[in-house]
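Colleague: need coordinates for the below:
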Amino acid sequence: MLYKLAHILRDKFGFLWNIIEWCNAFVFSLTHRNALKQIPEILKECSGQFTLRMAAPADADPLAIFFAEQPEEAFKFFKPHAFDEKTLSKIIRNKAFLTFLVIDGDKIVGYFFLRCFVNGKSFRGRIVDYRWRNKGIAKLMGLTMNKIIAQLHVRLFGSISPDNYASLQSTKAVNDIRIIKTLDNGYYYIEYLPKKD
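Modeller: All right, here's what the predicted structure looks like:
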């Protein structure tokens, strides 16, 4: 119910949605202040062959270029927001919409995010540059998100198409999943759970 309400507010009542977004970001950043300070260290620990870091306002333009360089098929299952510089700048500045980059040298090769809410839920998304696929980046992003949500003490949710086999496989490599329901568009609404050994 809340999922549908959020989409209605976002799509039909933009001004009201912006107020809600601002309030959510303000309260979330206050209540999770200490945990948020630990994220750069988690990203440093997870870095190796690739560097992981939080996106900064100056990254909006390079990130827009990153998205523009991806083939159309890359967005078949990945449409969490618009990909223009203005939208990306707004997202990066949102203290509850945690955005991260995977860097190889000086090039963005992956993008992932945790969209967090004051009710203790977060939603994730990720995309790997088509030229850097099959190098373990999706798995790396998944493992990193698991560490961050453990630090934040929030639950992790998302939607995934049953036809997106690659994403399902990389997800199952680092998480157990609980299918909550099937959405109207056929996607599964799922909760990502810690992987049981």
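Colleague: what's the longest strand in this protein?
Modeller: strand 107-116 (DSSP state E).
Colleague: what average pLDDT does the helix or strand that that strand is followed by get?
Modeller: Note on strand 107-116: by DSSP states H and E, the next helix or strand toward the C-terminus is strand 121-128. Averaged across strand 121-128, pLDDT comes to 96.
Colleague: what does stretch 171-190 give?
Modeller: On average, stretch 171-190 scores 91.
Colleague: what does that stretch contact?
Modeller: Contacts to stretch 171-190, defined as C-beta atoms under 8 Å, 6 or more residues apart in numbering, come from residues 3, 139, 142-143, 146, 156-162, 191-196. For every residue, glycine as well, the C-beta is placed using N, CA and C.
Colleague: report the buried members of the residues you listed.
Modeller: Neighbour-count burial (16 or more other C-beta atoms under 10 Å) is assigned, among the contacts of stretch 171-190, to 142, 143, 146, 156, 157, 158, 159, 160, 192.
Colleague: closest one of the residues you listed to residue 119?
Modeller: residue 157 (11.1 Å; C-beta to C-beta).
Colleague: how big is the angle separating the helix or strand harbouring the closest one from strand 107-116?
Modeller: For residue 157, the host element (DSSP H and E) is strand 155-160. Angle of strand 155-160 versus strand 107-116, following axes from the mean of the first three to the mean of the last three C-alpha atoms, to 10 degrees, is 120 degrees.
Colleague: beta partners of residue 181?
Modeller: residue 189 (DSSP bridges).
Colleague: hey, what's the spatially most central residue of the chain bridged with?
Modeller: Centrality entry for the chain: nearest residue to the mean C-alpha point is residue 113, 2.2 Å, by C-alpha atoms, centre = their mean. Beta-bridge pairing of residue 113 under DSSP bridges involves residue 99, residue 125.
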